[in-house]
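In: Build me a model from this:
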Amino acid sequence: MSVKNDVKTETSLIKQNSTCGERTDVVMKTVEAAASQIYPERSYQVFVLDDGQDDSLRQAIEQLDETLHLTIPGNLPVVYLSRKKTTSSTHYKSGNIRFGLDKTLKSHGGSRYIAILDADMVPEPTWLERTVLPLENDRQLSMAGPPQQFHNVPAGDLLAQDTGVFAQILEPLRDRFGCSQCCGSGFVMRREALDSIGGWPLCNVGEDIICSFALMDAGWRTAHVNERLQSGVVARSFHSYVAQRMRWVSSFVGSA
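Out: Have a look, this model is predicted:
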């Protein structure tokens, strides 16, 4: 999102057809929620970063813009962006984020804050307001983010997909020492802090963890917002679950 007043915030919604392949209706739930935040009008703008060049998604965003213009005239339009990948190594999600941040800086003037959501992580109406607040109150905070919640966790959750230990125990403990971890989705970051470490890290996996480490190494602190402000979906099959965990393990090994 890109803002036109003194609190300028920019939100990027990530869509990666090559790796997650979310349906257009799933992505649009996130886009609509992000575009309808309880936040000053014209103070933020939503950018959808589509790494799959999905025409149906682009058309859905154009239709949403028409609706928003009629119902909320003051809102800035949702902007659809899609990069042209010219090499086999695109750095996947991190490359898509870097593209979006560079593009919005050149075309829209950048912003004080950057907020990022995964395509299936639907924010509550107060998500942006509550997550920006700690950064406004503490100049040394580089990033703040609430826990990732999931609305389709199966009964019993034998695979421990609700991330309860991480979100309810580990992150609040880290927050006491100003070293909460960036989880890759549903957070707000100070652009100045990100620029101080050379921008969003470019790597195939684990860029969120690496970003956290780099920010703290540069003297910034990070914060955990202990509120239920967003909800996504867990893997829909055992194969997807294993693939997801393998990516996570690779990121931890790569950043060790």
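In: can you pull out the strands in the stretch 101-250 of the chain?
Out: Remark: strands assigned in the stretch 101-250 of the chain by DSSP state E, counting those that start in this stretch are 113-118, 122-123, 141-145, 149-150, 187-190, 221-224, 230-232.
In: To His91, which of those strands lies closest?
Out: The closest of the strands of the stretch 101-250 of the chain to His91 is strand 113-118. By CB to CB, the value is 15.2 Å. Placement of C-beta: from N, CA and C, glycine included.
In: check contacts around the closest residue to Phe166 other than its chain neighbours.
Out: Residue nearest to Phe166 in three dimensions, not counting chain neighbours: Pro147, with 8.0 Å by CB to CB, 6 or more residues apart in numbering. In this structure, Pro147 makes contact with 163, 166-168, 171, 224, 226, 228, judged by CB atoms under 8 Å, 6 or more residues apart in numbering.
In: Ramachandran angles for Pro147?
Out: Dihedral pair for Pro147: phi -70, psi 150, per degrees, to the nearest 10.
In: one step back: please identify which of the strands of the stretch 101-250 of the chain is closest to Gly95.
Out: strand 113-118 (13.8 Å).
In: weakest of the strands of the stretch 101-250 of the chain by average pLDDT?
Out: For the strands of the stretch 101-250 of the chain, mean pLDDT drops lowest on strand 149-150, to a mean of 74.
In: need the contacts of Pro147 in JSON lines with neighbour count, can you?
Out: Formatted as JSON lines, the contacts of Pro147 follow (neighbours: other CB atoms under 10 Å):
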{"residue": "Thr163", "neighbour count": "17"}
{"residue": "Phe166", "neighbour count": "15"}
{"residue": "Ala167", "neighbour count": "18"}
{"residue": "Gln168", "neighbour count": "12"}
{"residue": "Glu171", "neighbour count": "22"}
{"residue": "His224", "neighbour count": "25"}
{"residue": "Asn226", "neighbour count": "14"}
{"residue": "Arg228", "neighbour count": "11"}
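In: Looking at the residues you listed, spot the one nearest Ile38.
Out: Arg228 (15.5 Å).
In: Show the contacting residues for the closest one.
Out: Shown in contact with Arg228 (CB under 8 Å, 6+ apart): 124, 146-147, 149.
In: what about burial for these, which qualify?
Out: Burial by neighbour count, 16 or more other CB atoms under 10 Å: within the contacts of Arg228 this picks out 124, 146-147, 149.
In: so where is this protein shaky, pLDDT-wise?
Out: Along the chain, segments meeting pLDDT under 70 span 1-21, 86-89, 151-154, 157-164, 234-256.
In: could you redo the last one with a cut-off of 80?
Out: Segments of the chain classed as low confidence (criterion: pLDDT under 80) are 1-22, 41, 70-75, 85-89, 110, 149-168, 204-205, 233-256.
In: re the thing from before, which members of the contacts of Arg228 are the farthest-apart pair?
Out: By the measure CB to CB, Glu124 and Pro147 form the most distant pair in those, at 12.3 Å.
In: With distance to Val78 as added columns, please give the contacts of Pro147 in JSON lines.
Out: Below are the contacts of Pro147 laid out as JSON lines (distance: CB to CB, whole Å):
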{"residue": "Thr163", "distance to Val78": "29"}
{"residue": "Phe166", "distance to Val78": "31"}
{"residue": "Ala167", "distance to Val78": "29"}
{"residue": "Gln168", "distance to Val78": "33"}
{"residue": "Glu171", "distance to Val78": "30"}
{"residue": "His224", "distance to Val78": "28"}
{"residue": "Asn226", "distance to Val78": "29"}
{"residue": "Arg228", "distance to Val78": "25"}
